[in-house]
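Trainee: can't give you the sequence, but here's the structure:
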């Protein structure tokens with residue numbers, strides 16, 4: 001299985017990401033791989049966190 005298929009499948013398996021949100025995210029970020037990379041960056045910066053398979057905003061005081 002190639003990497004693009006893995007990212008596509010992973011994004012489709014995220015709770016709360018249905019067909020419409022999937023297409024919106026890919027439209028904004030360009031690909032399922034970019035969506036994953038962006039979420040990982042936000043998590044590394046402490047801006048989002050995961051708990052029991054759900055993603056939460058961890059810090060709303062973000063300097064642009």
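Mentor: Alright, I've got the coordinates. Everything quoted here is computed from the prediction, not taken from an experiment.

Trainee: tally of neighbours for residue 26?
Mentor: 17 (other Cβ atoms under 10 Å). In this view, the C-beta of every residue, glycine as well, is placed from N, C-alpha and C.

Trainee: Residue 35 is in contact with that one, correct?
Mentor: Yes. Using Cβ atoms under 8 Å, residue 26 makes contact with residue 35 at a distance of 6.6 Å.

Trainee: which neighbours do the two share?
Mentor: residue 11 (Cβ atoms under 8 Å, 6 or more residues apart in numbering).

Trainee: quick one: buried residues of whichever helix in the chain runs longest?
Mentor: Looking across the chain with DSSP state H, the single longest helix is helix 32-44. Of the residues in helix 32-44, 32-33, 35-36, 39, 42 count as buried by neighbour count, 16 or more other Cβ atoms under 10 Å.

Trainee: elements contacting that helix?
Mentor: Applying 3 or more Cβ pairs under 8 Å, 6 or more residues apart in numbering; DSSP states H and E, one finds that helix 32-44 contacts helix 3-12, helix 19-29, strand 48-51.

Trainee: same question for the second one, mean pLDDT?
Mentor: Right, helix 19-29. Computed over helix 19-29, the mean pLDDT rounds to 88.

Trainee: which other residues reach that helix?
Mentor: So helix 19-29 is contacted by 11-12, 17, 32, 35, 38 (Cβ under 8 Å, 6+ apart).

Trainee: repeat that for 10 Å
Mentor: If you take Cβ atoms under 10 Å, 6 or more residues apart in numbering as the criterion, helix 19-29 is touched by 7-8, 11-12, 14, 17, 31-39.

Trainee: One more: the first one?
Mentor: Contacts with helix 3-12, where a contact means Cβ under 10 Å, 6+ apart, come from 1-2, 17-19, 21-22, 25-26, 31-37, 39.
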